[in-house]
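Student: Here is a sequence together with a model predicted from it:
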Amino acid sequence: MITDTAFTPRHIPLILHFHGVLGPDWPIIFFTSQAVYDEQFKPGARNHSAVWQRAVDDGRVQVRIVPEIYDLTIRKDVNRYLTSRWLWDQLEPATHVLVFQADAMLCANAPKTVDDFLQYDFIGATLTNNAKLYNGGLSLRNRTMIMEMFNEGHDFAKEIDTGVYTGGEDVWFSRKFEARGANLPSNETALQFSCEYNFHMFGKQRRPVGYHKVHKAAPLRLAEIAEWCPEISLSGPGKLAKPGKLSPPAS
């Protein structure tokens, strides 16, 4: 599952790459705005991709519209969106969901796959060395357990509004999962799934399933990563174009 309400030419090759690495049992759901869908992804749109349309027609990729109540250019709304019951209802009947962003990548040369980590209820790149806190930008989550949290009354927006909690959605989910005794990975196992920061890779040659935001968090590692995961060039922070406008290709 990927959400982006701005458009970049990386989206289509990146999403199709993710599907190819994940395999046929992992359909991709792409959430975007109505404006971006109409201008970039709707059949007959000016810049419409035939390969993308084939994937949609085959059911390998689904496109859904983000409600206008969420302004996903604002971090606060991103957190509220990712913790909303509406979103996780949309992902039914999946039991596990891979969440990824346009600055994430799966590596086809990796010795393991996402499926090798399905025993964990939440896994992503570690945020610290001494706590079970995981980054959400490339993460695998137990949707069934998330729905149980909602049914028990856990409400991110309410906790934010009342000051009970002040962090991001990934730390919130990390703590909720740990509090209910979820199966969470050790730091070493988590880094076999995803790496992000320089300290994840310092002194070690890791070949994780994927990476998240290394262009910003560990830029000096990019050449080393590209030697075995050349797809890393498909992801990147870049400057996402405003809805309806194409980003220029990288020079």
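Tutor: Cool, the structure landed. Numbering: from 1, shown residues only.

Student: which residues of this protein score low on pLDDT?
Tutor: 203, 237-251 (pLDDT under 70).

Student: One more pass at 50, please.
Tutor: Scanning the chain for pLDDT under 50 picks out 238-251.

Student: those helices in it, which residues are they?
Tutor: 11-22, 34-36, 50-57, 75-82, 85-90, 143-151, 156-161, 169-179, 187-193, 198-201, 214-217, 222-226 (DSSP state H).

Student: which residues are contacting the fourth one?
Tutor: Put plainly, it is helix 75-82. 3, 66, 70-72, 87, 99, 136, 156-157, 160, 168-169, 172 (Cβ atoms under 8 Å, 6 or more residues apart in numbering). For every residue, glycine as well, the C-beta is placed using N, CA and C.

Student: Closest to the centroid, which residue in this protein?
Tutor: Phe100 (1.4 Å; Cα atoms, centre = their mean).

Student: how about the helices of the chain, which one is nearest Gly236?
Tutor: helix 214-217 (4.8 Å; Cβ to Cβ).

Student: Run the chain-centre distance for the closest one.
Tutor: 15 Å (Cα atoms, centre = their mean, to the nearest Å).

Student: quick one: buried residues of that helix?
Tutor: 214-215, 217 (16 or more other Cβ atoms under 10 Å).

Student: picking up where we left off before, is it possible to get TSV of the helices of the chain that adds distance to Ala108?
Tutor: What follows is these, written out as TSV (distance: least, Cβ to Cβ, whole Å):
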stretch	distance to Ala108
helix 11-22	5
helix 34-36	28
helix 50-57	17
helix 75-82	27
helix 85-90	28
helix 143-151	25
helix 156-161	34
helix 169-179	25
helix 187-193	15
helix 198-201	19
helix 214-217	17
helix 222-226	13
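
Student: Looking at those, which is nearest to Lys132?
Tutor: helix 169-179 (5.2 Å).

Student: For the closest one, report the contacting residues that lie outside it.
Tutor: 78-79, 82-83, 121-122, 124, 127, 132-137, 139, 141-142, 145-146, 149, 154, 156, 159, 165, 184.

Student: If any of those are buried, put those into a ChimeraX selection.
Tutor: Buried members of these, defined by 16+ other Cβ under 10 Å, are picked up in ChimeraX with:
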select :78,79,82,83,121,122,124,127,132,133,134,135,136,137,139,141,142,145,146,149,154,156,165,184
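
Student: how deep is the residue lying closest to Gly20 once chain neighbours are set aside tucked in, by neighbour count?
Tutor: With sequence-adjacent residues excluded and distances taken as Cβ to Cβ, 6 or more residues apart in numbering, Gly20 is closest to Ala108, at 7.7 Å. As a burial measure, Ala108 scores 13 neighbours (other Cβ atoms under 10 Å).

Student: Distance of Ala108 relative to Thr95?
Tutor: 25 Å (Cβ to Cβ, to the nearest Å).

Student: try Asp77
Tutor: Distance from Asp77 to Thr95, by Cβ to Cβ: 27 Å.

Student: Over to Gln205?
Tutor: For Gln205, the distance to Thr95 - Cβ to Cβ - is 33 Å.

Student: neighbour count winner among these two?
Tutor: Thr95 (12 against 7).

Student: residue contacts, that one?
Tutor: 142-144.

Student: Now with 6 Å, please.
Tutor: 143-144 (Cβ atoms under 6 Å, 6 or more residues apart in numbering).

Student: Please apply the same query to Thr144.
Tutor: Thr95.

Student: returning to what we had before: Phe117 is nearest to which of the helices of the chain?
Tutor: The nearest among these, by Cβ to Cβ, is helix 187-193 at 5.4 Å.
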